[in-house]
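In: have a look at this prediction, sequence included:
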Amino acid sequence: MAKVIFNEDLCKGCELCVNACPKKIIEMDLSKINVKGYHPATVKPENMNKCIGCAFCAMMCPDTVITVIK
Amino acid sequence: MAKVIFNEDLCKGCELCVNACPKKIIEMDLSKINVKGYHPATVKPENMNKCIGCAFCAMMCPDTVITVIK
Amino acid sequence: MAKVLMKGNEALAEAAIQAGCRHYFGYPITPQNEVTAYMAKRMPEVGGVFLQAESEVSAINMVYGAGGAGARVMTSTSSPGLSLMQEGISYLAGAQVPCVIVNIMRGGPGLGDIQGAQGDYFQSTKGGGHGDYRLIVLAPSTIQEMADLVQEAFDIADEYRNPVVILGDGMLGQMMEPVDFENIQKRKRDIPEKTWATTGRGNREHRNIINSLYIDPPVLEKYNYQLFEKYAKAEKNEVRYEMINCEDADVILVAYGTIARVAKNVMNIARREGYKVGLIRPISLWPFPKEPFEKTVNTAKAYLTVEMSMGQMVEDVKLAVQFKKPVYFYGRPGGMIPEPSVMLEQIRKIAGGVK
Amino acid sequence: MAKVLMKGNEALAEAAIQAGCRHYFGYPITPQNEVTAYMAKRMPEVGGVFLQAESEVSAINMVYGAGGAGARVMTSTSSPGLSLMQEGISYLAGAQVPCVIVNIMRGGPGLGDIQGAQGDYFQSTKGGGHGDYRLIVLAPSTIQEMADLVQEAFDIADEYRNPVVILGDGMLGQMMEPVDFENIQKRKRDIPEKTWATTGRGNREHRNIINSLYIDPPVLEKYNYQLFEKYAKAEKNEVRYEMINCEDADVILVAYGTIARVAKNVMNIARREGYKVGLIRPISLWPFPKEPFEKTVNTAKAYLTVEMSMGQMVEDVKLAVQFKKPVYFYGRPGGMIPEPSVMLEQIRKIAGGVK
Amino acid sequence: MAVVFQKTKGLTDTPFHYCPGCTHGIIHRLVAEVMEELDVLDKAIGVAPVGCAVFAYDYFSCDMQEAAHGRAPAVATGIKRVHPDKIVFTYQGDGDLAAIGTAEIVHAAARGENITVIFVNNANYGMTGGQMAPTTLIGQETLTTPYGRKAEVNGYPIRMSEMLSTLEGVAYIERVAVYDVKHVMQAKKAIKNAFLAQIQKKGFAMVEVLSSCPTNWGMTPVEALNWIKDHMEPYYPLGVYKNTLEEVK
Amino acid sequence: MAVVFQKTKGLTDTPFHYCPGCTHGIIHRLVAEVMEELDVLDKAIGVAPVGCAVFAYDYFSCDMQEAAHGRAPAVATGIKRVHPDKIVFTYQGDGDLAAIGTAEIVHAAARGENITVIFVNNANYGMTGGQMAPTTLIGQETLTTPYGRKAEVNGYPIRMSEMLSTLEGVAYIERVAVYDVKHVMQAKKAIKNAFLAQIQKKGFAMVEVLSSCPTNWGMTPVEALNWIKDHMEPYYPLGVYKNTLEEVK
Amino acid sequence: MEERIIFAGFGGQGVLSMGLIITYAGMFEGKNVSWTPSYGPEMRGGTAFCNVTVSDEEVGSPVITEATSVIVMNRPSLDKYESYVISGGKLFINTSLVDKKAERKDIEVYEIPANDIANELGNLKIANMVMLGAFVEATKVVKMETVIKALPEVFGKGKEHLMSINEKALYRGAELIKSLITTKK
Amino acid sequence: MEERIIFAGFGGQGVLSMGLIITYAGMFEGKNVSWTPSYGPEMRGGTAFCNVTVSDEEVGSPVITEATSVIVMNRPSLDKYESYVISGGKLFINTSLVDKKAERKDIEVYEIPANDIANELGNLKIANMVMLGAFVEATKVVKMETVIKALPEVFGKGKEHLMSINEKALYRGAELIKSLITTKK
Ligand SMILES: Cc1ncc(C[n+]2csc(CCOP(=O)(O)OP(=O)(O)O)c2C)c(N)n1
Ligand SMILES: Cc1ncc(C[n+]2csc(CCOP(=O)(O)OP(=O)(O)O)c2C)c(N)n1
Ligand code: SF4
Ligand code: SF4
Ligand code: SF4
Ligand code: SF4
Ligand code: SF4
Ligand code: SF4
Ligand SMILES: [Mg+2]
Ligand SMILES: [Mg+2]
């Protein structure tokens, strides 16, 4: 089982991680605006179990928002 | 019959014409120093008849000293 | 509608085109990018040439080529870019190639920042390049004046066969104000035909040569003297300045460009407070206007020079005042704007009890 | 044998090496080519680096890299080359990178000629680059002094973390005089360790960064003030000049570099004719020596500034004399040397009847 | 559970100032990861350009110098000649490297200067608002080519990797892209090789990275990645242009 | 009797200031002859460099501009953009073109600037007394490589023709030499082509001429010619590197 | 009369346009005007702001340190610009994105939930217009009809479809003020 | 004592070396000295010259406009420098290459067929040494033995084979002066 952790305040809402995730589990949290003024990326708790820990999201994230644990 | 004319005062004594002449008739006039301080190139009158007007000398002269007539 | 709202950089560019400039060479740099962008858009519309050079070094040498070939030509940049142009500028002055060079100054030294500043006064007026030469340097303080002076600059350049610098700052480049292009007043000048330009020999008898090399010192010396005769003429005819409320002024503010606007406000506030304050605003930084100082030095008690720098024009003010009256200085470097409140305080201090 | 006969350019180069300079980056230009050639030969002998850059622009930026990395580094050039270095120089000053920059001036503007001249005074002392900064500028007038000052220049650069300019002219670069390298007097200085240099982090806690960008204006402003505190210290401690026969002098000649030698001769001749003539020779052009003028302004009747230019230092002389006494000027541009006879004539005229 | 991916020690804690989705951020990370993996952070000295990456000195956790626009290779040369055993790299944009800094990069390459150059080709001048770069494609609209770049006026985009590969001093040149994970991984390999070339004292090494500028291209970050692939890659073929490296296991 | 060879009208009456046997003089003559033959002297505008050819403006009998060191291509660009129908050429040395002026020549070529460049490669800086040029051969002694040019220190000589030929804007590039009559004739043909390329509005054209510098090489003029052949030509192969010309009869 | 106004918010919230619209309107009404944007490295994000002066006299400093009004669209802008308001001046806060209250007591504070209203109107992007409407109504720097006339100058002519929604937002903002004032009374 | 000397001729006639030798010799004799060459574009040909000052005092201008002695090795140099000699000064003319006479009457003129003598000695290149010998003998600026000591400094140490021919030339030049002076008497 794998897990992704978002350092939310660094996120700029670019969606490159969304685009990269093979499992399509990342989405933008429209309910939040972070300190930078963006909707941050997130994986809903109910989807986290689908994460395979491939780290594609992290590799495409330009802002080192994502940590991946497996 | 061909003839070469040297604009002597332009000559810098570099001997490129000497080197280029297939007939080896050009030489430096050691008896003269021109206004620039060089021994100018020349063809002795007795050798002028050997000139074939090929203009090799003129083509190699860097200082446009030589006119060739044929 | 006569007035249009425009950024200073755009007004400058449009005014150049209206002055007949059809060749622009430049390299992007903040805070003058709008000039480049505007030219890129407009030049093709008027059949002119906009070319983005590979660097400021190239740009200024393209200006040399085009100016030498007879075109009305312009380049624009900001401080670091101007530094890179110094060799080219010395060549332009040396070979007497007319052109207009715009410097929308930013904070320095080095990379500094990108806010408007006035730290390049020395560079433009004393010669950032090598050798003895002079540039005619004009400093607008409103967007309207930017448009006015650019047009005049091309005429001066052509009349004197000399580069003319428009010295603005980032603030002037970026701000928007209404501009009227229809009623621009220019001095009537006898602009000689460019018979010296390299246009191809055609059936001309002589060859035209654009050059600044005079390998024989006595010849170069003579050439220098000729240049300085020209400069002397400019010192006589091209001095520009604004002078407000100076007749009865005890304290006279001296400022150019953006900060002169602030100084004008301060003058008004101080007047309201009862201080007799005036303003001298040099518009031509070279030739530096000595006249307003000569006119006021006997009546004024002191001068307060305000600059967006550590103090550069203040040297010329001192030379103009000839130490007959004190010359104070207040400046802020790095893109900061001198505070009206500080100016007021200084005025109060300088004026002392006298209201 | 203590004294060796050397060209100024060579003495300069040798002195740099003796001062511990092991990195030289430069680009050939007359009349300083002997520096480049000497360095090319000597540096490998002492385990140093000589690198011919692809241009002066590159050379000055190599200097920036090497100086920022902690080396004692030098470049040399002549007028047009200095103009090309202006952006880099503003960066060096802005990032506080110590280095020595040699300008062996020639006639300008533009390509000009290659004889010695003094037309780059403004460029060096007022700032040919953009923004508010200062260079410490030293002007030797003999070959021995060239060697002396270069050695001191490296120490000053390191003490102040600032570029130091040696301003010579083609004459000084080309002429030969005997030089004594063994008895060079240098001031003892506390030269701080270069803990700021980019040497690789190693086990240092912090990273070292060489930089002149301060994008936030208030921060840049503060940084500017810091720089100017440093400059104020230099203005206090680094003023150098020579003063001869000034105590009783009616007319004081003011001259630097090559032409100061001629002025000294003229002073002697004039003294023999019975005129009370003195000489002030600024050695540091920035900070400009005000002291000798303060000391003499009450006793002298007038000053005569002599330059191999159209008149540049004369502005600083006027500012120093504060218009308390007349300041006359005699100069020749383009690589010509002001005539002793003309100087004498002027002295006679200025001194008037008074002998 | 183990950490599969985390931020490299090659980067400081300062957040990037880049626009959302700008791949400068990815490239930074790759360079930093490579330096960490090669264990050279304590002896690396980087040179930041003028361009969007101007603050690179705040991001890489090694000593840094900020160069004047285009002069990073000269600055790096100065540093390397003082510290031949340190690892010196530049990070430059296409305006910086291929326009104003042309002479500096050509001569650093010709000298075989033993440095590593990261060359970010985003087909425009990002920092100044999106003007034409030497690498801007024909037809591409920018602030200074509002009617699209025209060959008759502005000439042709320069392929720097190809041009510099003609020089003998060059040890390694590769062109990569960062538009998807696979290419990001390839890019990292190339960057590692370019540092290895320096470690092996082989001479000049450069990696040209095709990168996005969503802001000035007027696209979403994801669209911008596709644009790299669809428009840039065809004109700028990926691959190794020169390689004199010894095999390293 | 007819005149077989006489001085071209493309040259003025001013005698050259070049050293005895310096082949700058030959190259000048060829350029002038070509302009005369193509009948463009009345619409030619030349740009002189800084280098031994600095006085070229005194020699060519057309309008001329004297450029700053290395900037001739930028100056020529300025002229050409004002007078697109005039014939604009530069005459530059290897220090001028391949060192300080690298950016200018690369970008003039990349732009396909419709000008003709005569590039005189004499493997050193003649005018300033014989320093290393970017074209100086490995091992060659010069004022600034007193122990011979070393690749480790100074890198490798640049082959400009090869490098510039990678650029799309280039219409014509040929390298020639002037060490004997046959090669002088070939050089003239190349120069003519480079002017024809401009007349045909094909873009950027350059002829690189391997030339001698007897003074600084420390040789007699005749020895210097041989040195071109024996030492320069092997490193700088002669030939056409690019040609997009239409056939002209 | 001299109004010195600072508009501030995130880049992308349209604060430069707000300022521009007022500038055009001021010009149309024959006032002296000047508009100065913040500019910086092109990189998006961070704070954007502009300074607008509308005056009967010549405009002095284009940079405002003593503002008659300040409009803040996000939290960092409030932190930065609250102190710029002159005593007795006006501060407009976009409460949709700013959770903090103003600290100053010597100024008039208007709390406008601009994003929420814009959301109601069906387009988050017009939050700035809501705020602008409120500002115009509260300050009367220019007339609302001149503001409407100025819209095409800023958004481009021919974008009439955008205009109606913008107008609607402006009036909603204005109404809010009217009701606030009524409330106050 | 201050001697200000100009040496002038074609490039290649060794005029710079003549000046250098005197400079070294002056230094060896404890005088203040300075040597300033002409320098220009590297291109060979044309006129070369140098200025040498040997003085008991500090050397002022390194450029000489009022020479105590002028040595001209060719015709253009005579044209250019004859006027530089101070009244009562000395002018040395290489009559082998100069067909013109000096015009000045207020100076001492020495006519030395330097090339011819060098030719006699079997080496045209040492014409400058012949002239130098004459100059030293006529002016006594420095001693001949110091001149001999200075030769290796200029021509490089270890070139002893060159020295003897140079010395011979120097003495032949000196003899010529002696005989001239004898003749005069
Ligand atoms: C001498 C000089 N000229 C121009 C500039 C302005 N400038 C800053 S960045 C830049 C271009 C950056 O483009 P690029 O190198 O492609 O980097 P990017 O921002 O695209 O990553 C320019 C022209 C400058 N700072 N200095
Ligand atoms: C900015 C600048 N830097 C340096 C010089 C000095 N300089 C004059 S010519 C020259 C080199 C000339 O070499 P090259 O271009 O090869 O021409 P050549 O003389 O060999 O024909 C140099 C460095 C200068 N005039 N201007
Ligand atoms: S690690 Fe892979 S599966 Fe998990 S969120 Fe990231 S991209 Fe998706
Ligand atoms: S890629 Fe990174 S910055 Fe972009 S949305 Fe995902 S987490 Fe946020
Ligand atoms: S024309 Fe031919 S044969 Fe006659 S002299 Fe010249 S080279 Fe010799
Ligand atoms: S080639 Fe010309 S300059 Fe040389 S020797 Fe012959 S004629 Fe004289
Ligand atoms: S402007 Fe372009 S290159 Fe620069 S940070 Fe933004 S997206 Fe990236
Ligand atoms: S120095 Fe060399 S290139 Fe220059 S003129 Fe003399 S021989 Fe020719
Ligand atoms: Mg880019
Ligand atoms: Mg050369």
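Out: Alright, I've got the coordinates. Ligands and ions are numbered 1, 2, ... in the order given.

In: CA atoms for contacts and neighbours, from now on please.
Out: Fine.

In: quick one: contacts for the residue most central in space within chain E?
Out: Nearest residue to the geometric centre of chain E (Cα atoms, centre = their mean): residue E:119, 2.2 Å. Taking Cα atoms under 8 Å, 6 or more residues apart in numbering or on different chains, we find residue E:119 in contact with E:91, E:92, E:93, E:94, E:97, E:206, E:207, E:208, E:209.

In: how about residue G:58?
Out: Applying Cα under 8 Å, 6+ apart, we find residue G:58 in contact with residue G:32.

In: which pLDDT value goes with it?
Out: Per-residue pLDDT puts residue G:58 at 90.

In: next, it: secondary structure please.
Out: coil (DSSP: H, G, I helix; E, B strand; the rest coil).

In: tell me how far it lies from chain F.
Out: Going from residue G:58 to chain F by Cα to the nearest Cα, to the nearest Å gives 41 Å.

In: pull the distance from stretch G:78-97 to the chain's centre.
Out: Once both centres are worked out by Cα atoms, centre = their mean, to the nearest Å, stretch G:78-97 turns out to sit 11 Å from its chain's centre.

In: cool, stretch C:90-101 as well?
Out: 15 Å.

In: any part of that stretch near chain D?
Out: Yes. Using Cα under 8 Å from any Cα of the partner chain, stretch C:90-101 comes into contact with chain D via C:90, C:91, C:92, C:93, C:94, C:95.

In: quick one, phi psi at the nearest residue to residue E:51 once chain neighbours are set aside?
Out: Distances taken as Cα to Cα, 6 or more residues apart in numbering or on different chains put residue E:127 closest to residue E:51, at 5.2 Å, once the chain neighbours are dropped. The phi and psi values for residue E:127, taken as degrees, to the nearest 10, are phi -60, psi -40.

In: my guess is residue E:127 contacts residue E:55, does it?
Out: No. Judged on Cα atoms under 8 Å, residue E:127 makes no contact with residue E:55 at a distance of 11.3 Å.

In: who has more neighbours out of those two?
Out: residue E:127 (24 against 19; other Cα atoms under 10 Å in any protein chain shown).

In: got the phi/psi numbers for the residue minimising distance to the centre of chain G?
Out: Closest residue to the average C-alpha location of chain G: residue G:132 at 4.5 Å, with Cα atoms, centre = their mean. Backbone geometry at residue G:132, expressed as degrees, to the nearest 10, gives phi -60, psi -40.

In: what residues are up against it?
Out: Going by Cα under 8 Å, 6+ apart, residue G:132 touches G:18, G:170, G:173.

In: mind listing which of these are in helices?
Out: Using DSSP state H, the members of the contacts of residue G:132 that fall in helices are G:18, G:170, G:173.

In: so what's residue E:141 up against?
Out: E:147, E:148, E:149.

In: can you tell me the closest non-neighbouring residue to residue C:86?
Out: residue C:129 (4.6 Å).

In: surely residue C:20 is in a helix?
Out: No. Under three-state DSSP, residue C:20 sits outside any helix and is assigned coil.

In: stretch C:246-260 near chain G at all?
Out: Yes. Against chain G, stretch C:246-260 shows contacts by Cα under 8 Å from any Cα at C:258, C:259.

In: now residue C:14: phi and psi?
Out: Backbone dihedrals for residue C:14, given as degrees, to the nearest 10, come out at phi -60, psi -40.

In: now swap in residue A:26 and tell me
Out: phi -90, psi 140.

In: can you check residue E:226 too?
Out: Residue E:226 has phi and psi values of phi -70, psi -30 when expressed as degrees, to the nearest 10.

In: residue E:31 contacts residue E:191, doesn't it?
Out: Yes. Applying Cα under 8 Å as the test, residue E:31 and residue E:191 come out as touching, 6.7 Å apart.

In: of these two, which one has the most company?
Out: Counted by other Cα under 10 Å, residue E:31 and residue E:191 do not tie: residue E:191 has more neighbours, with 30 against 23.

In: so that one: helix, strand or coil?
Out: Following three-state DSSP, residue E:191 is assigned to helix.

In: identify the bridge partners of the spatially closest residue to it that is not a sequence neighbour.
Out: Nearest residue to residue E:191, sequence neighbours excluded (Cα to Cα, 6+ apart): residue E:207, at 6.2 Å. Taking DSSP bridges as the rule, residue E:207 bridges to residue E:118, residue E:174.

In: now the helices for the chain?
Out: You didn't pick a chain, so chain A it is. Counting by DSSP H, the helices of chain A are A:16-20, A:45-48, A:56-60.

In: to clarify, I was referring to chain G.
Out: With DSSP H, the ranges of helices along chain G come out as G:15-28, G:75-81, G:114-121, G:127-139, G:144-155, G:160-184.

In: who touches the fifth one?
Out: Helix G:144-155 is touched from outside by G:17, G:20-22, G:24-25, G:28-29, G:133, G:136-137, G:158-160, G:163, G:167, with contacts defined as Cα under 8 Å, 6+ apart.

In: ditto for the second one
Out: Contact partners of helix G:75-81, identified using Cα under 8 Å, 6+ apart, comprise G:8, G:9, G:47, G:70, G:72, G:93, G:97, G:98, G:99, G:100, G:102.

In: quick one: residues contacting the fifth one.
Out: For residue G:72, the contacting residues are G:7, G:8, G:9, G:78, G:81, G:91, G:92, G:93, G:94, by Cα under 8 Å, 6+ apart.

In: could you tell me the end-to-end distance of stretch E:47-65?
Out: Its first and final residues considered, stretch E:47-65 spans 5 Å by Cα to Cα, to the nearest Å.

In: so how far is it off the chain centroid?
Out: Stretch E:47-65 sits 12 Å away from the centroid of its parent chain (Cα atoms, centre = their mean).

In: again with stretch A:19-34
Out: Here the centre of stretch A:19-34 is set off from its chain's centre by 6 Å, with Cα atoms, centre = their mean.

In: tell me if that stretch is near ligand 4.
Out: No. Under the criterion of Cα under 6 Å from any ligand atom, stretch A:19-34 makes no contact with ligand 4; the nearest approach is 7.2 Å.

In: burial count for the closest residue to chain D within chain A?
Out: Here chain A gets closest to chain D at one residue, residue A:36, 18.6 Å apart by Cα to the nearest Cα. Neighbour count of residue A:36, defined by other Cα under 10 Å: 18.

In: is it true that it touches residue A:9?
Out: Yes. Counting by Cα under 8 Å, residue A:36 touches residue A:9, with 6.9 Å between them.

In: contacts for stretch E:33-47, please.
Out: So stretch E:33-47 is contacted by D:198-203, E:8-10, E:57, E:60-67, E:72, E:75-76, E:86-91, E:188, E:191-192 (Cα under 8 Å, 6+ apart).

In: confidence score at the residue nearest to residue E:191?
Out: 98.

In: returning to what we had before: could you check how far the residue nearest to the centre of chain G is from residue G:122?
Out: Distance, residue G:132 to residue G:122, using Cα to Cα: 17 Å.

In: among the contacts of residue G:72, which are in strands?
Out: In this view, the contacts of residue G:72 that belong to strands under DSSP state E are G:7, G:8, G:9, G:91, G:92, G:93, G:94.

In: which parts of the chain are strands?
Out: No chain in the question, so chain A it is. Under DSSP E, chain A gives strands at A:3-6, A:26-28, A:41-43, A:66-69.

In: I was thinking of chain E, sorry if that wasn't clear
Out: E:3-5, E:44-48, E:63-66, E:87-93, E:116-121, E:170-177, E:204-210, E:239-243.

In: list the buried ones in the first one?
Out: Residues E:4, E:5 are the ones in strand E:3-5 that count as buried (16 or more other Cα atoms under 10 Å in any protein chain shown).
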